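K.L.:
Got a predicted structure here, sequence first:
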Amino acid sequence: MAENDPGKAIETTGWLTGLPITVVGAAMNVAKGVSDAAAVASATKAGAGFTLSPDEARSLLDRAKRLRDNAATMRAEAVSLTQLTPPAQDPGSTGFNQQAVNAFTAGRDANERMYQYMTELIERLEKAMGIVGESDGRAAADVKAVGNSGADKGMI
């Protein structure tokens, strides 16, 4: 995966491969001194992809999290539907039950793909918005500051 620097595509393997997400005005771009125009130019050079404002990205992130949570809630129900048993062991009941279980299995698989889809989108949006990178950067700075203070420098 490429680093999330302006002008570099954020790549992972999955449904978004080749489609970088750029958030214009993201805090990480501001911290690196990259203007909105430079971020848009970098995204345009990259070709296909998505360029979003911070408000659009936040709205999409919130919506994707709700959809992922809904898919997660449906997981247990989807699995239980694939485990139905026929009310009787006659050919009509077992045949109908098998058709129903096949349909519910396809639904369970589609729900799982939706969950994975939303999870990847959330990760990509957070990365593009600098949410993950900013918190990691703050944590590293805090650890370094604590390690360089006091009589026992570098000791925990």
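P.N.:
Received the coordinates, thanks.
K.L.:
The closest residue to residue 112 other than its chain neighbours and residue 53, how far apart?
P.N.:
Excluding the flanking residues, the one nearest residue 112 by C-beta to C-beta, 6 or more residues apart in numbering is residue 75, at 7.4 Å. (Each C-beta comes from the backbone N, C-alpha and C, glycine too.) Applying C-beta to C-beta, to the nearest Å, one obtains 33 Å for the distance of residue 75 from residue 53.
K.L.:
next one: residue 18
P.N.:
From residue 18 over to residue 53 the distance is 22 Å, taken as C-beta to C-beta.
K.L.:
what does residue 66 give?
P.N.:
Shown here: residue 66 relative to residue 53, a distance of 20 Å by C-beta to C-beta.
K.L.:
Check residue 100 too.
P.N.:
Counting by C-beta to C-beta, the gap from residue 100 to residue 53 is 46 Å.
K.L.:
cool, and residue 120?
P.N.:
Residue 120 sits at a distance of 21 Å from residue 53 (criterion: C-beta to C-beta).
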